[in-house]
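**Q** task: produce atomic coordinates for the following.
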Amino acid sequence: MTKEIHDARENLDVRRSNISGSKFDDVNLSNSHLNNVNASVCKISNANISRFQVDDATMANSLLNNVNLSGSKIANANLSAVAIENCLYAGMIIDGVKVADLFAAYNSMKKDSDSK
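**A** Just a heads-up that it's a prediction; the model follows:
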């Protein structure tokens, strides 16, 4: 059964419900709260999720593609086996160390070992 809600301007309080497979298009979810939610295999695209906050979540095998994370903070996270590719890292800091400095040191060591 599909319930359609169009052009509504109301607050929804959804509890103990299975709405898997639902679609939200051109919807304002600002200031919404999701708690104890299974959003596995959920896709968010063309979205403004500035100041988005995720706490106590499993995001294993997730893909963040073409996103602006400038000014964001990742804390107390398991980043094992995370791949970062084709990204801007100017000003990025890991545990107080500038990533640009880490790359400079790595490239210097690599250059020295390649010349031997």
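
**Q** can you give me the helices in this structure?
**A** Here the chain has its helices, by DSSP state H, at 99-114.

**Q** gap between residue 104 and residue 96?
**A** 16 Å (CB to CB, to the nearest Å). Where C-beta positions appear, they are placed from N, C-alpha and C, glycine not excepted.

**Q** those two - which one has more neighbours?
**A** Using other CB atoms under 10 Å as the criterion, residue 104 and residue 96 rank with residue 104 on top: 11 against 5.

**Q** where exactly do the strands run in this protein?
**A** 93-94, 97-98 (DSSP state E).

**Q** relative to residue 33, which of those is closest?
**A** Smallest distance to residue 33 across these (CB to CB): 30.3 Å, for strand 93-94.

**Q** in its sheet, what does that closest one sit against?
**A** strand 97-98 (antiparallel) (DSSP bridges).

**Q** state the mean pLDDT of the partner strand.
**A** Averaging pLDDT along strand 97-98 gives 96.

**Q** cool, and stretch 54-62?
**A** 93.

**Q** how far does that stretch sit from its chain's centre?
**A** On the basis of CA atoms, centre = their mean, to the nearest Å, stretch 54-62 sits 8 Å off its chain's mean C-alpha point.
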